[in-house]
Structures are given as C-alpha cells and as structure tokens.
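Asker: here you go, sequence then predicted model.
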Amino acid sequence: MTTVQAGENEVDVPTVVAFAHPFFAAVGDVQFRMSEHTRAPALMIKFGDGDAALSFGGIRRELKLAEDSPDAGMLEAVAAALQFVSVLKIGDPLPAEVLSGEASWEIEQRHRDIALARLTMQLVTWATGDETAITDADALSQVADDPATQAKAEKAIADAAERLSVEVEEVKATLRMLAEELAFIEALREKFAGVLSMRDKMDVLRRKYSNERSVAEVADAVRRLMTVAVKRLTNLFEQIDAQTGEIMGMLKNPKAQEGYIRTKRDELYCRMVAWRDILAKWDKCDSKPTEGNVALLRETYRFLAPRFMPAQQWVLASQLQQRGAPAKGRRAIPNSVNW
C-alpha cells in the first residue's frame, strides 16, 4: 500500500492500479493516459473506431466517489503517475515517484560523480571561508581528480564533522546520499544542454532564411517561444542551485533537502520528457536550408506554442489557423497574432 492525497485527506491505495467499484471491471481492457485534446489524465474506452476519453472529475461525479475513498485516491495516484509514464492499465504497478519518491528512470555513473564532486568542492570552499557552488561538469572533473583537492576535501569533511558534532563517516554517508539525489538534477542539466544546442541550430537556420519571408516569420516566432522556454528552465535550475548552494545547511537537514531535490527533480523531469522527440529531431538537423528543416521549424512551432505562448494568444492563433490552414504559398504564422 502507498499513501496519496485525495482532496483534503490522505488515503491508502494499492501499489498497483486497482479499483473496487464494479464499473472499472465492467469497462474491460481500458487505458489511463493523458488526453490528446485537454492534456489532462483520462480513462480511454474503445468507442466504435476510436476512443472515448472520460475525465477523472467526471468519473468521480458519475460514480459518486467520496473524496476519501480508496478509488478516489487511486485516481489521484494514477493522475500523478501519468506525469512519468505514458500509459497505465489496471494491474500495472505505479511508478517509483508515486510509491517511494525515488526516480523510476536511470542515470549514468558520471552524473553521480559530477554531483559528488560538486558537493565535495562546496565543502572545500566552505572550509576556506569562500563557499562556491560549481555546476560546470568539465571544471568539476578537473578539480575533483586533483590529489591536492582530495586532501583538502578530507580535511574539510573532518572540519564539518566537528562543526556538526558527528562522526566523519556520517558526513561522508550524508554527502553520498545527497549526491545520489543531485545526480538526477545533473542528468537533467545535461538534457537541458540539448535544448540550448537546439536553439543554436535554430538560430543558424533563422539567419539563412532571413530573406525568405514566409519561413522567416515561422523562425522568428519559434525563436521568441524558445526564449521563453529557455528562461523558464534556466530559472528552475537556478532555484535548485540556490537552494543547494550552502553545504552546511544541506548537511544539517539532509532529509528536508532530499525532499526538496526530489520535488524539483520530478518537476524538471516532467518538463524535459516532453522535449524528447523534438530534441532527437534537432540532434540530427544539419542547419541547412532544406524543405525538411523548414518542416522541422514548423513542427517546433506546434510543439512550443501551446506550452509557452500566453493562453489567450494561443487560442487566437489556433482559431486563425483553423480558418485558414497553411497551404503552399500561405504563411503558417498569421501577421495579426501579437507574439
């Protein structure tokens, strides 16, 4: 069993997708996934040649599920789980993020090494009275392998243990635990570097099409949306770096820091996982002025607009495009939309 928040109450639910109400058994082999239209969690039921999407709110109302009932709690758990997995069926296990708070996705050893090196260097600089949080992976790898730095790290750990009135091994164990959590942030920071690379390739294409109005309009719109996207993601990393920038505060309250890092890890992961397909396409892009790359610019606009354009402007843009869908020789981005 795991505990989830359902309304104002905490409810115990199974660790696999399971419901007590006979409705769920009666509808047969169904899927829980995000609705393509609303991007909200839904129960998808076969209806003719397609699927009918039942919203979780509608299910709760129609089945008269009390807020503190196990079935309402399971719907909350499934909604949370769909941030990390694309599809769930009855009987499927809930992901680790929902069950234990751990990550359900894998990282590589280098991410753990970078995170531990960062914390170690924070401790070394703390001991000198000028604490610095280094986030550049190359810089960290250079200083972490330096024997002189390793000797300073041992002394700094001993100083921290004395300050905290604990054993040296306890400080080392706490550093390893915090590094394991921060390693997921480092893996996501690496993914974010792919977003920055995508932006750079986009800028090259934008310059090459500066004299071709129909494409330039799309490229300019995409660049504006990318600016918003990069700023939001940058702000998230800056928040994490600021919160984890004082090593003694982390060592004094490791459980609180663990909870904070996991919350931000999940927020970042849910944002970054949506970029997976578009990043893979830009990774193959050679930034040459080809029809395929123009199509990629347009696809990128469709990816970015509903996520990073103000809602009112996105509704207007959608309406205008529906009334005059782009065709050969017609602009994809209407002039009347205020970006």
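Answerer: Perfect, thanks for sending it. Residues are numbered from 1 along each chain as shown.
Asker: for the protein, what's the longest helix?
Answerer: helix 168-208 (DSSP state H).
Asker: that one: how far from the chain's middle?
Answerer: Centroid separation between helix 168-208 and its chain, computed with C-alpha atoms, centre = their mean, to the nearest Å, is 12 Å.
Asker: can you offset everything so residue one is 678?
Answerer: Renumbered: residue one is now 678, and that last one reads helix 845-885.
Asker: next secondary structure after it?
Answerer: helix 890-920 (DSSP states H and E).
Asker: just checking, Ala792 is part of a helix?
Answerer: Yes: according to DSSP: H, G, I helix; E, B strand; the rest coil, Ala792 belongs to a helix.
Asker: tell me who's in contact with it.
Answerer: Counting by C-beta atoms under 8 Å, 6 or more residues apart in numbering, Ala792 touches 855-860, 862-863. Just so you know, the C-beta spots here come from the backbone N, C-alpha and C atoms, and that holds for glycine as well.
Asker: what of Asp963?
Answerer: Applying C-beta under 8 Å, 6+ apart, the residues near Asp963 are Asn970.
Asker: helix or strand for it, which one?
Answerer: Using DSSP H and E, Asp963 falls outside every helix and strand.
Asker: right, and Val899 touches Tyr978 too?
Answerer: Yes: with contacts counted by C-beta atoms under 8 Å, Val899 reaches Tyr978, the gap being 5.0 Å.
Asker: between those two, who's got more neighbours?
Answerer: Taking neighbours as other C-beta atoms under 10 Å, Val899 and Tyr978 compare with Val899 leading, 25 against 19.
Asker: just the CA trace of stretch 791-802, in CSV.
Answerer: Output in CSV follows, covering the C-alpha atoms of stretch 791-802 (Å, rounded to 0.1, in the frame of the first residue of the first chain):
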residue,chain,number,x,y,z
ILE,A,791,29.6,15.1,-11.0
ALA,A,792,27.2,15.5,-8.2
LEU,A,793,29.6,14.2,-5.6
ALA,A,794,32.4,16.4,-7.0
ARG,A,795,30.1,19.4,-6.7
LEU,A,796,29.3,18.8,-3.0
THR,A,797,32.9,18.0,-2.3
MET,A,798,34.1,21.3,-3.8
GLN,A,799,31.4,23.2,-1.9
LEU,A,800,32.8,21.7,1.3
VAL,A,801,36.3,22.5,0.4
THR,A,802,35.5,26.1,-0.5
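Asker: where's it relative to the chain centroid, distance-wise?
Answerer: 24 Å.
Asker: state the mean pLDDT of that stretch.
Answerer: pLDDT averaged over stretch 791-802 equals 92, rounded to a whole number.
Asker: quick one: buried residues of it?
Answerer: 791-802 (16 or more other C-beta atoms under 10 Å).
Asker: of these, closest to Ala729?
Answerer: Among the buried residues of stretch 791-802, Ala792 lies closest to Ala729 (C-beta to C-beta), at 45.3 Å.
Asker: what about the closest one, distance to Ser781?
Answerer: Using C-beta to C-beta, to the nearest Å, Ala792 is found at 19 Å from Ser781.
Asker: swap in Ala951?
Answerer: From Ala951 to Ser781 the distance is 16 Å (C-beta to C-beta).
Asker: which one's more surrounded, those two?
Answerer: Shown here are Ala951 and Ser781; by other C-beta under 10 Å, Ser781 has more neighbours (16 against 12).
Asker: list the contacts of the spatially most central residue of the chain.
Answerer: When C-alpha atoms, centre = their mean is applied to the chain, the residue found nearest the centroid is Tyr946 (2.3 Å). By C-beta under 8 Å, 6+ apart, Tyr946 lies in contact with 761, 780, 782, 861, 865.
Asker: that one sits in which helix or strand?
Answerer: Judged by DSSP H and E, Tyr946 forms part of helix 931-950.
Asker: dump whichever helix or strand comes after that helix to CSV, restricted to CA.
Answerer: The C-terminal neighbour of helix 931-950 among helices and strands, as given by DSSP H and E, is helix 953-960. Below are the C-alpha coordinates for helix 953-960, written out as CSV (Å, rounded to 0.1, in the frame of the first residue of the first chain):
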residue,chain,number,x,y,z
ARG,A,953,12.4,14.1,-26.0
ASP,A,954,11.1,13.6,-29.6
ILE,A,955,11.7,17.2,-30.8
LEU,A,956,15.3,17.2,-29.4
ALA,A,957,16.0,13.9,-31.2
LYS,A,958,15.0,15.5,-34.5
TRP,A,959,17.1,18.6,-33.9
ASP,A,960,20.0,16.5,-32.9
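Asker: thanks again, I'm all set now.
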